[in-house]
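**Q** Need coordinates for the following:
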Amino acid sequence: MAKSEAEFLKDARPLAESLIDYAMSGTAYGITDAKVFIAASDKQEYSIEKGEIARSVSGASYSVSITLYAGDRTLSFTRNTLDEKELQDAMLKNMKAIGVVPPNPNKRLLEEDKLFKGPEPDLDLFDKKPPTDADLIAYAKEVEAEAMAQKGVKGARSVSITRLDSHFLVLATNGLDRHESKTRYSAGAIVIAEDQNGMQNGGEGSTARHFNDMAKPKELGKMAGQDAVSKLSATLPATGQMPIVLDNDAAEAFFSSVYDAIDGTALYRGATFLKGKIGKQVMAKGVTLVDDPDIRRGLGSGHVDTAGVESRKIIHIEDGVLKSFNATLLESRQLCMEPTGRENGPTNGMILPGTLTPDALIADIKEGILIKGFNGGTVDVNNGNHSRQAYGLLIKDGKITDTPVAGFVVSGNLKDMFMNVVLANDTPAMPSTRHSLAAPTTRINGVTIAGK
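**A** The predicted model follows:
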């Protein structure tokens, strides 16, 4: 049975405090500080096949990560056990070895006066009224049944639902004392459609912090089936330059490369084409990227990161102008900048909506492609090169047709593509039940399509 937050803390806090005390007994080895991070998770997964449970996976896992500090020297290790004696033995081995570790002052704990100690908003990230196992199974069965009911669908590759409860506690000698509990439900279906020209896979998924926020199972199954059917008899479009339009899913995948380009490590290594671009126009006017950690029930929400830095809303790009990079505590010290409260990565990203309706966005396109998704390929944020295989539907005379296309490559450079973006006004509401980045339907002009 999954543990509540209180039950987790009842076991984790005494262990963490004892491990901190043991670490600080290592003054003979030069130990000056210590940090203990305890994580626990409980997972239940069901897979459905032909209306029956095909697979059931459940289990609990624990991990303890300990970082020892001897002045500017640090040493970290992780063990998948809660056995205190075993953890102490591992700590002692690391105490004896820490003296040979090269010093790095950038790895020190956050200064105590910079720790966030104020009240945190209730982000409602833990589902205190979880569904029963029967509810999860019924949901997945309904998804499969609706997917199979779509005309042209011949079978299901996988239909599953997962519940994951996770908790963590982090204590450190600088006063850091944080704990957090989250639930995460994920459901998905991958189905097979077939016609006289062959078979195609398609699918759909939904993810949420609370079970009641998940997509309705019939809606999810219908979308999975229709996605597969929409790819049937797809052809390879002609090679050439043309406008493309990304639907919400494809736009989210496209804009996710922004986060790679504004990552602190990439900046420190000089491995991003956005280095030196703060305050400069890097996207078309009208494009604003906001990262908001305080969205209730958000997939990426969290008001304080695990270093103890407050996570505030950040405007990374405003009206096309680059305003901010992301930086962990280590990266911020390497770059001589303030940490952004993103020790654990980006939170909830949103490309703010434009002014045009999706229909108006494509109204003047004589020939183009609506991109519904990408299949692999590469995006190199070091130089901006973009080369990804995609699929979608042809656009003709300002209308989306029923003609599917697939197997073509969207080629270009992000430096140019970003500057040729035009946004619709349909950014999905947050929290999203699909991604922690939401983006509107997006048009990119003058893109090279490598087809036949």
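
**Q** Can you name the residues in contact with stretch 206-215?
**A** 124-127, 130-131, 135, 139, 163, 182-188, 220, 223, 297-299, 431, 433-435 (CB atoms under 8 Å, 6 or more residues apart in numbering). The way it works is simple: take the backbone N, C-alpha and C, and place the C-beta from them, glycine included.

**Q** So which of these are in helices?
**A** 135, 139, 220, 223 (DSSP state H).

**Q** closest to residue 311 among the residues you listed?
**A** residue 220 (30.6 Å; CB to CB).

**Q** Do I have it right that the closest one meets residue 145?
**A** No - the criterion here is CB atoms under 8 Å, and residue 220 misses it with residue 145 at 11.3 Å.

**Q** Quick check: the two most widely separated of the ones in helices among the contacts of stretch 206-215?
**A** Top of the distance list for the ones in helices among the contacts of stretch 206-215 (CB to CB): 135 and 223, 20.8 Å.

**Q** buried set for the longest helix anywhere in the chain?
**A** Counting residues, the longest helix found in the chain (DSSP H) is helix 5-24. For helix 5-24, burial by neighbour count (16 or more other CB atoms under 10 Å) applies to 5, 8-9, 11-12, 15-16, 19-20, 22-23.

**Q** any idea how far that helix is from the chain center?
**A** Between the mean C-alpha location of helix 5-24 and the chain-wide mean there is a distance of 29 Å, by CA atoms, centre = their mean, to the nearest Å.

**Q** repeat for stretch 81-99
**A** Going by CA atoms, centre = their mean, where stretch 81-99 is centred and where its chain is centred differ by 33 Å.

**Q** buried residues in that stretch?
**A** Neighbour-count burial for stretch 81-99 [16+ other CB under 10 Å]: 87-88, 90-91, 94-95, 98.

**Q** Also stretch 219-239?
**A** Here stretch 219-239 shows 220-232, 234, 237 as buried, counting by 16+ other CB under 10 Å.

**Q** same deal with stretch 297-308?
**A** So, applying 16+ other CB under 10 Å, buried residues of stretch 297-308: 297-308.

**Q** ok, so of those, who is nearest residue 115?
**A** Nearest to residue 115 among the buried residues of stretch 297-308, with distances taken as CB to CB, is residue 308, at 4.3 Å.

**Q** can you pull the contacts of the closest one?
**A** 110, 114-116, 172, 174-176, 178 are the contacts of residue 308 under CB under 8 Å, 6+ apart.

**Q** re the thing from before, who are the packing partners of the longest helix of the chain?
**A** Applying 3 or more CB pairs under 8 Å, 6 or more residues apart in numbering; DSSP states H and E, one finds that helix 5-24 contacts strand 33-49, strand 52-70, helix 84-97, strand 153-172, strand 177-195.

**Q** Using CSV, write down the CA coordinates of the shortest one.
**A** Right, the one you point to is helix 84-97. Only the C-alpha atoms of helix 84-97 are listed here, as CSV (Å, rounded to 0.1, in the frame of the first residue of the first chain):
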residue,chain,number,x,y,z
GLU,A,84,21.4,2.8,8.5
LYS,A,85,24.5,0.6,9.2
GLU,A,86,25.1,0.0,5.5
LEU,A,87,24.8,3.7,4.8
GLN,A,88,27.2,4.5,7.6
ASP,A,89,29.7,2.0,6.3
ALA,A,90,29.5,3.6,2.8
MET,A,91,29.8,7.0,4.3
LEU,A,92,33.0,6.0,6.2
LYS,A,93,34.6,4.7,3.0
ASN,A,94,33.8,8.1,1.3
MET,A,95,35.1,10.0,4.3
LYS,A,96,38.5,8.2,3.9
ALA,A,97,38.6,9.0,0.2
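
**Q** what does it contact?
**A** In contact with helix 84-97 (CB under 8 Å, 6+ apart) are residues 15, 18-19, 22-23, 26, 29, 31, 64, 66, 68, 75, 77, 79, 81.

**Q** between it and strand 52-70, how many degrees?
**A** On the basis of axes from the mean of the first three to the mean of the last three CA atoms, to 10 degrees, helix 84-97 is oriented at 40 degrees to strand 52-70.

**Q** ok, back up a step: quick one: which two of the contacts of helix 84-97 are the most distant?
**A** So, these by CB to CB: farthest apart are 29 and 81, at 22.5 Å.

**Q** check contacts around residue 420.
**A** With CB under 8 Å, 6+ apart, residue 420 has these contacts: 284, 444-447.

**Q** quick one: which of those has the most company?
**A** Among the contacts of residue 420, residue 444 has the most neighbours (other CB atoms under 10 Å), with 24 neighbours.

**Q** Could you check which helix or strand contains that one?
**A** strand 442-450 (DSSP states H and E).

**Q** how far out from the middle of the chain is that strand?
**A** Counting by CA atoms, centre = their mean, strand 442-450 comes out at 25 Å from the chain centroid.

**Q** Residues in a beta bridge with residue 205, which ones?
**A** residue 188 (DSSP bridges).

**Q** shouldn't it be in contact with residue 187?
**A** Yes - counting by CB under 8 Å, residue 205 touches residue 187, with 6.6 Å between them.

**Q** shared neighbours, those two?
**A** Common neighbours of residue 205 and residue 187, using CB under 8 Å, 6+ apart, are residue 220.

**Q** Looking at those two, which one has more neighbours?
**A** Taking other CB under 10 Å, residue 205 and residue 187 do not tie; residue 187 has more neighbours (26 against 18).

**Q** With adjacent residues omitted, what lies nearest to that one?
**A** Distance criterion CB to CB, 6 or more residues apart in numbering; nearest residue to residue 187, sequence neighbours excluded, is residue 161 at 4.2 Å.

**Q** do the same with residue 344
**A** residue 305 (5.5 Å).

**Q** Might you report the residue contacts of that neighbour?
**A** 311, 341-344.

**Q** Tell me how many other residues crowd the nearest residue to residue 418 once chain neighbours are set aside.
**A** Among residues not flanking residue 418 along the chain, residue 283 sits closest, at 4.3 Å (CB to CB, 6+ apart). Using other CB under 10 Å, residue 283 is surrounded by 24 other residues.

**Q** And the one 4 residues further on, by the same measure?
**A** Burial of residue 287 is recorded as 25 neighbouring residues (other CB under 10 Å).

**Q** Perfect, I'm done here.
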